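J.: One predicted model, sequence on top.
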Amino acid sequence: MTWHHLDTLLTRIRPHRESLALVIDALMIAACWNITYLFRLGFERWQNARPDYDGWVLIGVIAVYLSVFVLLKVPKGMWRFSGFGEIQRLTIACGIAGMVTAVGVLMAQLVQVPRAVLGLHPVISLMGLAMVRIGYRMLYEHMRGRISGSMHETRRALVMGAGDAAKLLIAGIQHHGWVVVGLLDDDARKHGARIGNVPVLGPLDSAARWAEVHGITHVIVAMPSAAPERRRRALDLAAATGLPVVTVPTAAELHDGQAVAQVREIEPEDLLGRAPVQLDEGGISECLSGKVVLITGAGGSIGSELCRQVARYGPRRLVLYELSEFALYRIEQELTEAFPHIPLVRLVGDVRDPEHLRVTFAQARPQVVFHAAAYKHVPLMEDDNAFAAVRNNTLGTWRAASAAAAAGAERFVLISTDKAVNPTNVMGATKRAAEMVISQLAAQVAAAGGRTRFMAVRFGNVLGSSGSVIPKFKAQIARGGPVTVTHPDITRFFMTIPEAARLVVQAAAIGEGGQVFVLDMGEPVRIVDLARDLIRLSGHTLAEIPIAFSGLRPGEKLYEELLADADATLPTRFERLRIARLDDRGQDVQTLLDWAAARSTAPDDEVRERLAQLVGEYRPARPAGPLTPDR
């Protein structure tokens, strides 16, 4: 407990660190002045051989030294980190102060002050001051070793939040290279209290002050159950310290089995400040439990999360349909480990291959189909790959949906995008055409007495999905920048991958056929603001990691929409889930499908012309100038 008391004492006096450093330095300079006299005159004469005015000279020497120290910011140095840089600064300061002192004494003609004292005092003072600092560092590291079990303090944390999560956090990380110095909480009743022997220092908005006082290296946000708005405010205050920010898992992640002490980096979803969509768990379970579920594009960002979400509801069999062998292997390994009781059917297949789809659906007899296979990268599909986008996104949807209807599937859910609204790019136009495929098939199957219900789910950009801006931003920050943003005013709707997958399974449970579901995703986010947040939360400044604007890419809009202007929306019993009723009457998508099926390639201009004939709101955006690299 002695070491804990010492740590508490040092913590309490640290706000006065600079003043105390000056006092200790002054005492050491005075002691070294006397040691110099002792060295020069010996024990017999070092007191009585001094001039009568030596006391006034000593006061002047101390004043000169301290003035030089303040000018060179010596008191701002943290003694527990003392090393070569600190000794170098002391050497310069003592040299300057000793020279000024010697010149002053000589100019004042104080001839009784020994010249050897003037010459030796800076050297002996440097030795004394350095010994004090190195001795403090040795004591401090020994104290930290006795408290935390490690002689090396690499991470010194300030925790935002003083609730149960903070208590569990302190107990879990104190012996794993972390030292929790203090807690912050807006509850004034907790200020001055101690949780897990760690003091509650003040409110959340005092983080920057305490971080400087205590030499904090990391800020941990430990507010897993707080409302998203409160968590976002805490993250903003933590970022204002200029230090790396980490967080404990959210309430949902804790429910999934993560431990509080498993601190992680800030993820983009932490920045959204939005409550998750509330689901009808009972309805979803009734839709999926004990059923055969087939997912196309099962290894992609959305497809793989759909696999995880669907597996939670206990399907009778899960059929994974994926073109990429590696992606299929990866999700198959994950599901086998996490859900060993669920039988998996793993198929390498292409949604553009009608015969393989027919055989697959006939053998598997899926009752619920999630169609996530798509080409989604806007600039990549805009030039040289436009026909591939039509074949995969539109024709592939028709073939997969037709196979589902022929096999008697109960539900078919298409994954769509906000880029399908008033599209300006090929990718968005092909997804809007895919929605038309679903609408037309729903009408045809219903007229023929079929039972398959077709529906689509439209959402915005998915945080962390392959090719999205977030992984790119993180990689660019790790490389030291710059972070590239296409335009300072560009905005996007964002949602997390789990949110997107939950929306899809909810739509499958409540969809009646021929509907497009959309999520009220709040306000759009400026991409440049997201980039700034990630830079700040990584502990960097915009001066260290600059943001560069590269210009809009082919087919890219400044902003996206979730509903076209002419669309009418209807509410569902879920607060933020709505149904878009789209007027697809008179639209003959079959002409485009027959044209795409009859050939293996086509020029980009012809593809755009065909899409424009079908999708009336499609307005191709063709920026002038050379192609901007996809960054």
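T.: Structure received. Treat the numbers as computed from the prediction; the structure is a model and nothing was measured.
J.: make it CA atoms for all contacts and neighbour counts henceforth
T.: OK.
J.: Let me see the domain layout of the chain.
T.: 2-148, 155-266, 287-463+495-524+563-614 (automatic domain parsing).
J.: Please report the distance of residue 161 from residue 313.
T.: 34 Å (C-alpha to C-alpha, to the nearest Å).
J.: and of the domains of the chain, who's closest to residue 544?
T.: domain 155-266 (11.5 Å; C-alpha to C-alpha).
J.: For that closest one, what does the pLDDT average out to?
T.: Here domain 155-266 scores 80 as its mean pLDDT.
J.: Regarding it, how distant is the last residue from the first?
T.: 17 Å.
J.: Convert the C-alpha atoms of stretch 23-34 to CSV, please.
T.: Extracted in CSV, the C-alpha atoms of stretch 23-34 (Å, rounded to 0.1, in the frame of the first residue of the first chain):
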residue,chain,number,x,y,z
VAL,A,23,11.7,25.1,-6.2
ILE,A,24,13.7,21.9,-6.3
ASP,A,25,16.0,23.2,-9.0
ALA,A,26,16.6,26.4,-6.9
LEU,A,27,17.5,24.3,-3.8
MET,A,28,19.9,22.1,-6.0
ILE,A,29,21.6,25.2,-7.5
ALA,A,30,22.1,26.6,-4.0
ALA,A,31,23.5,23.2,-2.7
CYS,A,32,25.9,23.0,-5.7
TRP,A,33,27.1,26.6,-5.0
ASN,A,34,28.1,25.4,-1.5
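J.: Pull out the buried positions in that stretch.
T.: 25, 26, 28, 29, 30, 32, 33, 34 (16 or more other C-alpha atoms under 10 Å).
J.: export the domains of the chain to JSON lines and tack on distance to residue 471?
T.: Output for the domains of the chain, formatted as JSON lines (distance: least, C-alpha to C-alpha, whole Å):
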{"stretch": "domain 2-148", "distance to residue 471": "35"}
{"stretch": "domain 155-266", "distance to residue 471": "13"}
{"stretch": "domain 287-463+495-524+563-614", "distance to residue 471": "9"}
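J.: what about the longest helix along the chain, distance to the chain center?
T.: Across the chain, the longest stretch assigned as helix under DSSP state H is helix 115-148. Distance of helix 115-148 from the chain centroid (C-alpha atoms, centre = their mean, to the nearest Å) equals 42 Å.
J.: Quick one: mean pLDDT over that helix.
T.: Mean predicted confidence for helix 115-148 is 80.
J.: which residues touch whatever helix or strand comes next after it?
T.: Per DSSP states H and E, the first helix or strand lying C-terminal to helix 115-148 is strand 155-160. By C-alpha atoms under 8 Å, 6 or more residues apart in numbering, the surrounding residues in contact with strand 155-160 are 166, 177-185, 204, 207, 211, 215-223, 234.
J.: Strand 155-160 pairs with which strands, and in what direction?
T.: strand 178-184 (parallel), strand 218-221 (parallel) (DSSP bridges).
J.: List the buried residues of it.
T.: 156, 157, 158, 159, 160.
J.: what's the spacing between the fourth one and residue 204?
T.: The span separating residue 159 from residue 204 equals 9 Å under the rule C-alpha to C-alpha.
J.: With the second one instead?
T.: With distances taken as C-alpha to C-alpha, residue 157 is found 14 Å from residue 204.
J.: now swap in the last one and tell me
T.: For residue 160, the distance to residue 204 (C-alpha to C-alpha) stands at 6 Å.
J.: same question, residue 218
T.: 15 Å.
J.: more neighbours, the two?
T.: residue 218 (24 against 20; other C-alpha atoms under 10 Å).
J.: Does that one touch residue 246 like I think?
T.: Yes - judged on C-alpha atoms under 8 Å, residue 218 makes contact with residue 246 at a distance of 7.4 Å.
J.: SS state for residue 600?
T.: Three-state call for residue 600 (DSSP: H, G, I helix; E, B strand; the rest coil): coil.
J.: count of neighbours near it?
T.: 9.
J.: same thing with residue 56?
T.: 9.
J.: so which helix or strand takes in it?
T.: helix 54-71.
J.: Residue 88 now?
T.: Using DSSP H and E, residue 88 sits in helix 84-107.
J.: That helix packs against which elements?
T.: With contacts defined as 3 or more C-alpha pairs under 8 Å, 6 or more residues apart in numbering; DSSP states H and E, the packing partners of helix 84-107 are helix 54-71, helix 115-148.
J.: now those as a markdown table including distance to residue 518?
T.: Output for the helices and strands packed on helix 84-107, formatted as a markdown table (distance: least, C-alpha to C-alpha, whole Å):
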| stretch | distance to residue 518 |
| --- | --- |
| helix 54-71 | 62 |
| helix 115-148 | 51 |
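J.: right, and those - which one's nearest residue 578?
T.: Across the helices and strands packed on helix 84-107, closest to residue 578 is helix 115-148 (C-alpha to C-alpha), at 53.1 Å.
J.: what's that closest one packed up against?
T.: By 3+ C-alpha pairs under 8 Å, 6+ apart, helix 115-148 packs against helix 2-13, helix 17-45, helix 84-107.
J.: make it 6 Å
T.: Applying 3 or more C-alpha pairs under 6 Å, 6 or more residues apart in numbering; DSSP states H and E, we find helix 115-148 packed against helix 17-45, helix 84-107.
J.: mean pLDDT for those: which is lowest?
T.: Across the helices and strands packed on helix 115-148, the lowest-scoring stretch is helix 17-45, with a mean of 82.
J.: can you give me how far that helix is from the chain middle?
T.: Distance, centroid of helix 17-45 to centroid of chain: 52 Å (C-alpha atoms, centre = their mean).
J.: now the strands for the stretch 151-300 of the chain?
T.: 155-160, 178-184, 194-195, 198-202, 218-221, 245-247, 264-265, 292-296 (DSSP state E, counting those that start in this stretch).
J.: Other residues contacting the second one?
T.: Contacting residues not belonging to strand 178-184 are listed as 155-162, 198-204 [C-alpha atoms under 6 Å, 6 or more residues apart in numbering].
J.: for stretch 71-79, same thing?
T.: 18, 21, 133.
J.: And those residues, which is closest to residue 533?
T.: residue 18 (32.5 Å).
J.: how about the nearest residue in space to that closest one that is not next to it in sequence, secondary structure?
T.: Spatial nearest neighbour of residue 18, excluding adjacent residues (C-alpha to C-alpha, 6 or more residues apart in numbering): residue 75 at 5.0 Å. When classified by three-state DSSP, residue 75 comes out as helix.
J.: What is the burial count for residue 75?
T.: 18.
J.: hmm, back to that, by neighbour count, which of the contacts of stretch 71-79 wins?
T.: Going by other C-alpha under 10 Å, residue 133 tops the contacts of stretch 71-79 with 21 neighbours.
J.: What distance do you get for that one to residue 178?
T.: 24 Å.
J.: cool, and residue 455?
T.: Counting by C-alpha to C-alpha, the gap from residue 455 to residue 178 is 50 Å.
J.: Run a quick neighbour tally on residue 579.
T.: 22.
J.: and if you look at residue 109?
T.: With neighbours defined by other C-alpha under 10 Å, the count for residue 109 comes to 10.
J.: Start the count at 59 instead of 1 going forward.
T.: OK, 59 is where the count begins now, so the last one is residue 167.
J.: Please identify the helix or strand for it.
T.: Residue 167 belongs to no helix or strand, assigned by DSSP H and E.
J.: For it, give me the pLDDT.
T.: For residue 167, pLDDT reads 80.
J.: Next, give phi and psi for it.
T.: phi 60, psi 40 (degrees, to the nearest 10).
J.: So it versus residue 648, what's the distance?
T.: 107 Å.
J.: What of residue 492?
T.: From residue 492 to residue 648 the distance is 11 Å (C-alpha to C-alpha).
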